[in-house]
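Engineer: Could you work out the structure for the sequence below:
(chains A and B)
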Amino acid sequence: MSDNKAITTRAADFSAWYNELIMRAELADYSPVRGCMVIRPNGYAIWEQMQANLDRMFKETGVQNAYFPLFIPQSFLAKEAEHVEGFAPEVAVVTHAGGKLLDEPLIVRPTSETIIGSMMSKWIQSYRDLPLLLNQWCNVVRWELRTRLFLRTTEFLWQEGHTAHASEAEAEAETLQMLAVYRKFQEDFLAIPVVTGRKTESEKFAGALRTYGLEGLMQDNKALQLGTSHNLGQNFAKAFDITFQSAEGSMDHVWGTSWGSTTRMIGGVIMTHGDDNGLICPPLLAQWQVVVVPIHKTDTERAQVLEAADRLAKDLRATGLRVHVDSREGIKPGAKYYEWEGRGVPFRLEIGPRDLANGTTMMARRTGGGKTSLPLAGLADVLHREIETMQRFLLDAARERREAGSLRHPKSKQEFIDFIEGGGGFVYAGWCGDPAVEAEIKEVTKATIRVLPDAEFRTGDAPTRCIWTGREAVAEAIWARAY
RNA sequence: CGGGGCGUAGCGCAGCCUGGUAGCGCGCUUGCUUCGGGAGCAAGAGGUCCCGGGUUCAAAUCCCGGCGCCCCGACCA
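Structural biologist: Reported below is the predicted structural model:
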C-alpha cells in the first residue's frame, strides 16, 4: 500500500518532494496558524550556522547589531509614499491591546526602515556621526496570500541591515559591498552559485532608489531571490528628517541603504542540492558534519565500539568538526544510514569490530561514491579536506546545472517563449528598457526579469536588440519564472 | 479571492457508491532473537471517523450548512 519509506521524487512532483523532504528531515512543520511555520531543531541549526557566519562577515565590514521593536506606529508607514503603497496590503495591524482600542493602531513590522529611520534622525547630527552601520536579526510579518515552507511564510526570520552615509557615492558603495558579502556567503557556505545584478523599477524595493539582488536557479529551473541590497537614496531621510551638518557647515539629508536575507535561504539550499533521498546539506552549514554509527553484535563488542566511537568523536571535535555519535539501541545500522541521509548529514563514519582490529573506519559521503576505508590516524585532516572538497563539488555541480538550464541570446521571441514554456531556466536576452514590455512578457510567459546582470555574468557579445520588440537594447536581462 | 484535491489512530491511507461489531501499513510499548544498507516473531497500547444540524430503529457512510488544510493561479523575500 503506501510506502512510507521513500519520498516523492523530484521528477514526479517537485513541490511534493520539497514538502516531504522538509517533513522527513524534520526541518519544519506547519503551525496551527495558517501560513506560519514552526522551525524544528534540525532546521533551526542550519539557520544558526547561517547567522553565525553572516554575522561575522557583516561585523568585518564595521556593522554593529542592534534591536528595534516589533511594533511600529501605523503612521510611520505612510511617511514614505512608495513604501506605504508597497507594504500596506500585507501588513498586520494591532488595533486592540490591554483590553482597549488603541489610539493609534500599531503595525507588526514587515521591515524596519521606518522605525530605524525615526531613531536615526535622533542619533545623527553631524557628518562625524556617519556612517552609521546597523543590523538586526529579527522576525518580520508579511500577510502573504500564498505561503510555502521556508520560501514564503507569514512570519519569517531574517537580518536587516540599515546604514546612513554622508554621500550618495558612499551609500552606493555600501549597497554594493553588502551585495558582495551576500554573494560570497552564498557561494562559500550555501554552495549556491548566484547571479548578481540590478533589479528593474518594477521589481525594486518599495521606497528604494535602486535595488540589487542575488538569484539562484533551483533544480526545477525556477529562480529564487536569495537576498537584496537597496540604495535608498535620501527617500527615508527626507521622510524621517534624518539630517546632518557637513564639514563645510551645510545641512543635508543622509543617504541610506538597507539589505536583507532570510530563512528562505534554507529553502534555497534544499532546492539546489537535495536529491530523491532527502536533504544534502553543505558541510559548512550542517548541524552535524559527521555522524558516527557504531556497529556491534554482542554486549562486549558494543562496549568496545561505543568507547572507540566516543573517543573518535572527541578527537574530531577537538579539531572543530561537528560530530554526533548515533548510539541508539534497537535500531539497525542500515536504518540509521537512511535517517541521516534524509537529514542531509555530509559524512558518515561506520565503526565496528573489524575497524577496531584494523585501526580504521568506513567513511561515506552524502553526495555518493560508495564507502571508503580510512585509517583513524590523521582522520581529522582528511575530513577537513573532504569538507572543502564537498563544498566546492556542490557549488560546481549547481553552477553546471544552472548553465545547462540557461539559454543565452535566443534567436527569436518564439524561441524565448518555447524555452520558458518548456520548463527552462534563465534566459539571457536584450531588453529595450520599457516597463510595458517587461509586463507583457510576464503576462505571456510568467517569466520576470530577475536581474540586469552584473558584468561578469553577462554573455560575451552584448545583445543589441530587444528580444521582444526588436528595438535597441538598453541592457542584457535575465528572465525566469520565479518563486 | 478563483480553480482543483483532501479531512477516519502519531503519520500515510482503505472503508462511504449499496447505512448495521472501525480496519490496513508504518510508527509506538514490552519480551526474545537480530545487528557492516530500511530486522523477525510474539503480545499490547492508541479513535469526539473535522464541526453542527437533518433523515433513519440505526450514520464514518445519505442530505443540508459550516470550518480547516494542501496543491495550482493573482500579490510577494
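Engineer: who in the stretch 251-400 of chain A is up against RNA strand B?
Structural biologist: Selection of the stretch 251-400 of chain A residues close to RNA strand B by CB under 7 Å from any atom of the strand yields A:260, A:262-264, A:295-297, A:330-335, A:337-339, A:341-342, A:348, A:350-355, A:361-362, A:364, A:371. Every residue, glycine included, has its C-beta placed from N, CA and C.
Engineer: Just the buried ones from the residues you listed?
Structural biologist: Buried subset of these (neighbour count, 16 or more other CB atoms under 10 Å): A:260, A:262-264, A:295-296, A:337, A:339, A:341-342, A:348, A:350-353, A:355, A:361-362, A:364.
Engineer: Out of those, list just those in helices.
Structural biologist: A:264, A:337, A:339, A:341-342, A:353, A:355 (DSSP state H).
Engineer: Dump those residues into JSON lines; add pLDDT and distance to residue A:74 as well.
Structural biologist: What follows is those, written out as JSON lines (pLDDT from 0 to 100; distance: CB to CB, whole Å):
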{"residue": "A:264", "pLDDT": "94", "distance to residue A:74": "27"}
{"residue": "A:337", "pLDDT": "96", "distance to residue A:74": "54"}
{"residue": "A:339", "pLDDT": "94", "distance to residue A:74": "48"}
{"residue": "A:341", "pLDDT": "95", "distance to residue A:74": "49"}
{"residue": "A:342", "pLDDT": "94", "distance to residue A:74": "45"}
{"residue": "A:353", "pLDDT": "96", "distance to residue A:74": "68"}
{"residue": "A:355", "pLDDT": "97", "distance to residue A:74": "65"}
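Engineer: which one among these gets closest to residue A:437?
Structural biologist: residue A:264 (28.6 Å; CB to CB).
Engineer: re the thing from before, quick check, nearest of the ones in helices among the buried ones among the residues of the stretch 251-400 of chain A next to RNA strand B to residue A:420?
Structural biologist: Ranked by distance to residue A:420 (CB to CB), these are led by residue A:264 at 22.7 Å.
Engineer: Run through the stretch 201-350 of chain A and note the low-pLDDT ranges.
Structural biologist: Low-confidence regions of the stretch 201-350 of chain A, defined here as pLDDT under 70, do not occur.
Engineer: wouldn't residue A:282 be in contact with residue A:189 here?
Structural biologist: Yes - using CB atoms under 8 Å, residue A:282 makes contact with residue A:189 at a distance of 6.5 Å.
Engineer: Same drill for those two, tell me which one is more crowded.
Structural biologist: Neighbour totals were compared for residue A:282 and residue A:189, and residue A:282 leads with 26 against 22 (other CB atoms under 10 Å).
Engineer: how far away is the nearest residue to the more buried one once chain neighbours are set aside from residue A:428?
Structural biologist: Spatial nearest neighbour of residue A:282, excluding adjacent residues (CB to CB, 6 or more residues apart in numbering): residue A:191 at 4.4 Å. Residue A:191 sits at a distance of 23 Å from residue A:428 (criterion: CB to CB, to the nearest Å).
Engineer: Of the two, which one has the most company?
Structural biologist: residue A:191 (26 against 20).
Engineer: Okay, domains of chain A per the record?
Structural biologist: As assigned by automatic domain parsing, chain A contains the domains A:14-273, A:288-392, A:407-480.
Engineer: any bit of the last one sitting next to RNA strand B?
Structural biologist: Okay, so that is domain A:407-480. Yes - contact of domain A:407-480 with RNA strand B (CB under 7 Å from any atom of the strand) involves residue A:446.
Engineer: Just the strands from the stretch 1-150 of chain A, written as ranges.
Structural biologist: A:28-30, A:37-39, A:64-65, A:71-73, A:93-97, A:100-108, A:132-141 (DSSP state E, counting those that start in this stretch).
Engineer: cool, the stretch 251-400 of chain A as well?
Structural biologist: Going by DSSP E, counting those that start in this stretch, the stretch 251-400 of chain A shows strands at A:251-253, A:255-262, A:290-294, A:323-325, A:347-351, A:360-365, A:371-375.
Engineer: distance of the residue located most distally from the centre of chain A from residue A:313?
Structural biologist: Centroid-distance maximum for chain A: residue A:300 at 47.1 Å, with CA atoms, centre = their mean. Per CB to CB, residue A:300 is found 21 Å from residue A:313.
Engineer: cool, residue A:53 as well?
Structural biologist: Residue A:53 is 23 Å from residue A:313, by CB to CB.
Engineer: And these two? Which one has more around it.
Structural biologist: residue A:313 (20 against 16).
Engineer: hang on, that one packs against residue A:293?
Structural biologist: No - with contact defined as CB under 8 Å, residue A:313 and residue A:293 do not form a contacting pair (11.4 Å).
Engineer: Name the nearest residue to residue A:210, sequence neighbours excluded.
Structural biologist: residue A:231 (4.6 Å).
Engineer: Report the contact partners of the one you found.
Structural biologist: If you count contacts by CB atoms under 8 Å, 6 or more residues apart in numbering, residue A:231 has them with A:171-172, A:175, A:208-212, A:255-257.
Engineer: With secondary structure and neighbour count added, can I get those residues in JSON lines?
Structural biologist: Formatted as JSON lines, the contacts of residue A:231 follow (DSSP: H, G, I helix; E, B strand; the rest coil; neighbours: other CB atoms under 10 Å):
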{"residue": "A:171", "secondary structure": "helix", "neighbour count": "26"}
{"residue": "A:172", "secondary structure": "helix", "neighbour count": "18"}
{"residue": "A:175", "secondary structure": "helix", "neighbour count": "28"}
{"residue": "A:208", "secondary structure": "coil", "neighbour count": "25"}
{"residue": "A:209", "secondary structure": "coil", "neighbour count": "19"}
{"residue": "A:210", "secondary structure": "strand", "neighbour count": "18"}
{"residue": "A:211", "secondary structure": "strand", "neighbour count": "24"}
{"residue": "A:212", "secondary structure": "strand", "neighbour count": "27"}
{"residue": "A:255", "secondary structure": "strand", "neighbour count": "28"}
{"residue": "A:256", "secondary structure": "strand", "neighbour count": "30"}
{"residue": "A:257", "secondary structure": "strand", "neighbour count": "28"}
